[in-house]
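Trainee: following is a predicted model, sequence given first.
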Amino acid sequence: MLPPPGGRILCAVSGGRDSMCLLHYLWTLGRRENFSVAAVHMNHGQRETAQRDVLFVQDFCRERGIPCVTEQVSVPEKAKEWGVGIEEAGRRLRYETFRRAAELTCADRIATAHHAADQAETVLLNLLRGTGPEGLAGIPPVRGEIIRPLLETSRQEIEAYLEQHGIDHVEDETNGDRSLTRNRLRLDIMPLLRELYPGAEGSICRTAEILRREEECWRELVERALPERGTEMERRVLLELPYALRLRALRALVERTAVGRKDYGAAHYEAMERLAHGPGGLLHLPGGVVALCRGEKFSLEKEDRAPETVALLPGVTRWGGYTVLLEKSEHPVSGGNALVLDADKITGGLTLGPCRPGDGLYLPEGRGRRSVKRLCLDRGLDPVERDRLPAVYAGGRLAAVWPLGTDREFLPRETGGMRIIITIERETSGGQNDG
């Protein structure tokens, strides 16, 4: 767990009791074991007292000659950008900051101050979310360059160490906010469990350690089935795995995505497993990820959401990788794949955007209204492409979808009347290309 002689550990320091204990312990140990310590502190941009914490950590490090990296981010802004909760955005940003600071300080390891109570809380939260054995294994003591030296240390031992060495710390007032799930668990549920069973915390941690060792064995078997890299694999290979290994393989694929698997529970993996058994399709997952079954391939991809709906006016409109030309004419259109509407049937103006879920078309050659999803399946259109096809709405009602066609209700008369002609071309890197 420790770096080689002459190496360096970067300690993640919030200024709270746990991280101050870890920083002082590693700084003391390093002088004896011939390694150095640096510190990193991230200002989350959420509290008025955040600058107080920055100065506290900087002063502590300055007095002891510990290099200190500080960085300020806006967790709420990133949470909105990424489409995740505040807690998950904060976690991602912290580890991004830690890795940048490790590179800057030439650190061999990154140490975080997770302790036994954190482990017990994590296991219980995972259990309540409906996790499998891997989630019940809790926080690993080592994962890559991340180490957690205090994982078997109790909160009481940490407080005793601070008192023994006269180390001060700051209090994060949000730790008392019971609207946060982990705080509610720590402040209300864990004390009740300790009252009912005094050894509850230790028992939970021992169970997590047993499961972690077993999961190491399962992980080796899963890695043999997965491709060397990437998030795509042969569906046949996935389905040939026993059920328990199949779910683990899906978790491993999710872990390879940019968003990780923090917001994933058992229900998500079971839904992916059902998708792999089906005829094909698409499944939306947390963090803007989609699971896709196309032919013999199963893959996880980052969802590229379609642009917002816009007003469709005469002339050229660019939308979602398409060039859309709207013209009016009294003459019939022959050939081509343009969408043609009766101008007299349009009320409320035209808009261009993605199809709303459940909307359908009654096409001229059809026997009734069918959902856009079904029409796309019949034509073999890719599920991801389906969600980004340009759809024309008239007064809020679906009038046409390219390249499926125009709803019978909005088709022009065979002779006479003004027609709206919508020509759509798919844009390519080499120019424009008719879809």
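Mentor: On my side now, so go ahead.
Trainee: got any ranges where this structure has weak pLDDT?
Mentor: Applying pLDDT under 70 to the chain flags residues 305-306, 333-336, 382-384, 428-435.
Trainee: on the three-state scheme, the spatially most central residue of it is what?
Mentor: Closest to where the C-alpha atoms of the chain average out (CA atoms, centre = their mean) is residue 287, at 2.8 Å. Following DSSP: H, G, I helix; E, B strand; the rest coil, residue 287 is assigned to helix.
Trainee: ok, now which ones touch it?
Mentor: Residue 287 makes contact with 82-84, 257-260, 263 under the criterion CB atoms under 8 Å, 6 or more residues apart in numbering. For the C-beta atoms, the positions are set from N, CA and C on the backbone; glycine is no exception.
Trainee: do residue 297 as well
Mentor: Listed by CB under 8 Å, 6+ apart, the contact set of residue 297 reads 232-235.
Trainee: beta partners of residue 234?
Mentor: The partner list for residue 234 in beta bridges (DSSP bridges) reads residue 297.
Trainee: pull the number of nearby residues for it.
Mentor: When neighbours are defined as other CB atoms under 10 Å, residue 234 has 13 of them.
Trainee: what does residue 51 give?
Mentor: Around residue 51 sit 11 other residues, with neighbours defined as other CB under 10 Å.
Trainee: distance of it from residue 170?
Mentor: Between residue 51 and residue 170 the computed distance is 11 Å (CB to CB, to the nearest Å).
Trainee: again with residue 187
Mentor: From residue 187 over to residue 170 the distance is 19 Å, taken as CB to CB.
Trainee: among the contacts of residue 287, which are in strands?
Mentor: Here DSSP state E is the test, and those give no hits in strands at all.
Trainee: quick one, which of those residues are buried?
Mentor: Listed as buried from the contacts of residue 287 are 82, 84, 257, 259-260, 263; burial here means 16 or more other CB atoms under 10 Å.
Trainee: nearest to residue 279, of those?
Mentor: residue 257 (24.2 Å; CB to CB).
Trainee: quick one: contacts for the closest one?
Mentor: Counting by CB under 8 Å, 6+ apart, residue 257 touches 231, 287, 289, 300, 302.
Trainee: hmm, which two among the residues you listed are most spread apart?
Mentor: For the contacts of residue 257, and using CB to CB, no pair is farther apart than 231 and 287, which are 12.6 Å apart.
Trainee: quick one, domains of the protein?
Mentor: For the chain, the structural domains run 8-200, 226-302, 310-434, going by automatic domain parsing.
Trainee: for the ones you listed, give me JSON lines that also has distance to residue 215.
Mentor: What follows is the domains of the chain, written out as JSON lines (distance: least, CB to CB, whole Å):
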{"stretch": "domain 8-200", "distance to residue 215": "5"}
{"stretch": "domain 226-302", "distance to residue 215": "8"}
{"stretch": "domain 310-434", "distance to residue 215": "33"}
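Trainee: so residue 417, which of the three states?
Mentor: For residue 417, the reduced secondary structure class is coil; criterion used: three-state DSSP.
Trainee: what is the neighbour count of it?
Mentor: Tallying neighbours of residue 417 according to other CB under 10 Å, which is how burial is gauged here, yields 12.
Trainee: ditto for residue 296
Mentor: 10.
Trainee: who are the contact partners of the residue nearest to it when sequence neighbours are not counted?
Mentor: For residue 296, ignoring the flanking residues on the chain, the nearest one in space by CB to CB, 6 or more residues apart in numbering is residue 235 at 5.4 Å. For residue 235, the set of contacting residues under the criterion of CB under 8 Å, 6+ apart consists of 276, 293, 296-298.
Trainee: okay if I get those as a markdown table plus distance to residue 354?
Mentor: As requested, the contacts of residue 235 are exported to a markdown table (distance: CB to CB, whole Å):
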| residue | distance to residue 354 |
| --- | --- |
| 276 | 26 |
| 293 | 21 |
| 296 | 28 |
| 297 | 24 |
| 298 | 25 |
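Trainee: from those residues, which single one is nearest residue 352?
Mentor: When these are compared for distance to residue 352 (CB to CB), residue 293 wins out at 29.5 Å.
Trainee: tally of neighbours for that closest one?
Mentor: If you count neighbours by other CB under 10 Å, residue 293 ends up with 21.
Trainee: where do the strands sit along the stretch 151-300 of the chain?
Mentor: Listed in chain order, the strands found in the stretch 151-300 of the chain under DSSP state E, counting those that start in this stretch are 232-234, 281-285, 289-294, 297-302.
Trainee: return the distance of whichever helix in the chain runs longest from the chain's centre.
Mentor: Longest helix of the chain, by residue count under DSSP state H: helix 200-225. Between the centre of helix 200-225 and the centre of its host chain there is 24 Å, according to CA atoms, centre = their mean, to the nearest Å.
Trainee: same question, stretch 347-367
Mentor: The gap between where stretch 347-367 is centred and where its chain is centred comes out at 32 Å by CA atoms, centre = their mean.
Trainee: got the CA positions of that stretch in CSV?
Mentor: Presented in CSV, the C-alpha positions along stretch 347-367 are these (Å, rounded to 0.1, in the frame of the first residue of the first chain):
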residue,chain,number,x,y,z
THR,A,347,-52.5,25.6,-37.9
GLY,A,348,-50.4,26.9,-35.1
GLY,A,349,-47.1,26.8,-37.0
LEU,A,350,-44.5,24.1,-37.7
THR,A,351,-41.8,22.9,-35.4
LEU,A,352,-38.9,20.6,-35.9
GLY,A,353,-37.5,18.3,-33.2
PRO,A,354,-37.3,14.7,-32.0
CYS,A,355,-40.3,12.5,-31.8
ARG,A,356,-42.2,12.5,-28.5
PRO,A,357,-42.5,9.0,-26.9
GLY,A,358,-45.6,7.1,-28.1
ASP,A,359,-46.3,9.4,-31.1
GLY,A,360,-47.3,7.6,-34.3
LEU,A,361,-48.2,8.1,-38.0
TYR,A,362,-51.0,6.9,-40.3
LEU,A,363,-49.0,6.5,-43.5
PRO,A,364,-50.7,6.3,-46.9
GLU,A,365,-49.8,2.6,-47.4
GLY,A,366,-50.6,1.6,-43.9
ARG,A,367,-53.8,0.1,-42.4
